[in-house]
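Visitor: Generate a structure from the sequence data that follows.
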Amino acid sequence: MVTFYRRLPRIDYIRPGNISELLDLLSDNHNGRYRVYTGGTDLIPKLKGRTITPPEAIVDLKGIPGLDYIDYDDSHGLRIGALSTIRSIETSPVVREKYPLLSQACASIASIQIRNRGTMAGNICNAIPSADSAPPLLSLEARLLCVSKKGERFINIDEFFLGPNKCALEPDEILLEIQIPALPENGRGVFIKLSPRSRMDLAIVNVAILGMNEKGQFKDIRISLGAVAPTPIRALKAERSLKGAKTDDKAILNAAKIASDESRPIDDHRASAEYRRMMVEVLVRRAINQIV
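Guide: Numbers count the residues shown, from 1 in each chain. A predicted model of the protein is given here:
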């Protein structure tokens, strides 16, 4: 498939200097007149390709100081600011130590140049079913702090994705912070991505698994899938089949088959639905074996 890019349409550019200025602006965001972005690695190609309706103005958050933090403490877990780049999360010592599956997912996204520009907040707000950061955030049971002129609210990550390119943010609202609970010491996670050109392409299937094993049994496990349904999903039936089960091949094979049955992939130019279902089973089995 060949993609032809044109010049950017004629649109205004706004760069607020603080949160208050931004929220004042968005309080008048009727009919999508403004499009907020943090890195622009998804928005700018869409505007050039005319795959979305050009807004009246694009609003760049990079001018707002103090939103590029990555903080951790044992009581509250990890806090990631809206302007933290994918590369900074990937290379963060605390993320690599405490949440390796999140670092693995970040490392799988595009090129270093893109990761130095793009943000995790932007990656999930685009709500692409194949977004590489979405499955680990689902398995880690992240909460999203969103803010508007009306105040703050929290959205659980499993309620954030509404459909392809649709998320739960209101037009006057931004995602301010990603919050991830601290993990138990015996929690282990892994992220696996299947794509035609490794990190330089969108996922055919991506899988993020977080498991806690104790005395040869699955105490808890969370299995999340991307690119195999209209939104990133948790394979809840597969999870239930493993809780309390022995960590043996029979239980793992059964759970992988159930996860495959829970997926709802489509045929497209990257892969057929049948192939995606087969690869869900393969990747879930591999990921579970890695954490065991």
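Visitor: For the closest residue to Asp42 other than its chain neighbours, grab the count of nearby residues.
Guide: Ranked by CB to CB, 6 or more residues apart in numbering and with sequence neighbours excluded, the top spatial neighbour of Asp42 is Asn126, at 4.9 Å. To be clear about C-beta, it is placed using only N, CA and C from the backbone, and glycine gets the same treatment. By the measure other CB atoms under 10 Å, the count of residues near Asn126 is 19.
Visitor: Looks like Asn126 contacts Pro164 (just checking).
Guide: No - Asn126 sits out of contact with Pro164 when judged by CB atoms under 8 Å, with a separation of 9.9 Å.
Visitor: Lys193 sits in which helix or strand?
Guide: Applying DSSP states H and E as the criterion places Lys193 in strand 187-194.
Visitor: Poorly predicted segments of the chain, please.
Guide: Scanning the chain for pLDDT under 70 picks out 1-5, 198-199.
Visitor: what are the ranges of the strands in it?
Guide: Remark: strands assigned in the chain by DSSP state E are 12-14, 34-37, 57-60, 70-73, 77-81, 143-148, 151-156, 161-163, 166-167, 174-180, 187-194, 205-214, 217-226, 233-234.
Visitor: quick one: contacts of the fifth one?
Guide: The one in question is strand 77-81. Residues from elsewhere that reach strand 77-81, judged by CB atoms under 8 Å, 6 or more residues apart in numbering: 66-72, 89, 94-95, 98-99, 120-121, 176-183.
Visitor: Counting neighbours, which bits of it end up buried?
Guide: Judged by neighbour count using 16 or more other CB atoms under 10 Å, the buried positions of strand 77-81 are Gly77, Leu78, Arg79, Ile80, Gly81.
Visitor: again with the fourth one
Guide: Using 16+ other CB under 10 Å as the test for burial, strand 70-73 gives Ile70, Tyr72.
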